[in-house]
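Chemist: sequence unknown, structure follows:
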């Protein structure tokens, strides 16, 4: 069989980014609408944790809004290739997202300083999960995080007032203009 086209890597699904929920979570919509609305999948970028957006009861974490906006401005409405790498106990799915030009979205988010690497530890004696092996994606993510920290990019900016300036203030009162 002929190899798949370059815009659709082996083992990956294709979709369009419909929504960006936070700096590490997006909604991808299928591309085939021939039989009604295409399916959607909420996917959190594998091995990452971005600052949390707030709600009525809790304010945003510093840098949460710019992290979300980085991802939204880059990917909304764009076709991507994606796969689910693992799920947690609650069923939340974590995966890899690649752009048509081959950019690894998680790696770019970390390199710009908008997320920290969160690599779950395998159980004692359990085999390493895909991506956790030496030279795997987790090691590349950790190197990108170290570089972003050293350059004080994104959420690693420790200049006076940087965190306050990068924290969204929302007025949830019903009379807010």
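Modeler: Perfect, thanks for sending it. Remember, it's a predicted structure, so these values are computed and weren't measured experimentally. Residues are numbered from 1 along each chain as shown.

Chemist: Identify all contacting residues around the helix or strand of the chain with the lowest mean pLDDT.
Modeler: Least confident element among the helices and strands of the chain, by mean pLDDT, DSSP states H and E: helix 162-165 (a mean of 88). With contact meaning Cβ atoms under 8 Å, 6 or more residues apart in numbering, helix 162-165 is reached by 62-63, 157. Just so you know, the C-beta spots here come from the backbone N, C-alpha and C atoms, and that holds for glycine as well.

Chemist: Equivalent analysis for stretch 74-82, please.
Modeler: Contacts of stretch 74-82 (Cβ under 8 Å, 6+ apart): 7-9, 12-20, 26, 28, 31, 41, 43, 95-100, 105, 108.

Chemist: For it, buried residues please.
Modeler: Within stretch 74-82, the residues that count as buried by 16 or more other Cβ atoms under 10 Å are 74-75, 80-82.

Chemist: what separates it from the chain centre, distance-wise?
Modeler: Centroid separation for stretch 74-82 versus its chain: 12 Å, with Cα atoms, centre = their mean, to the nearest Å.

Chemist: how about the spatially most central residue of the chain, what does it touch?
Modeler: In the chain, the centroid-proximal residue (Cα atoms, centre = their mean) is residue 24; its distance is 2.9 Å. Residues in contact with residue 24 (Cβ under 8 Å, 6+ apart) are 44-45, 48-50, 67, 71, 109, 115.
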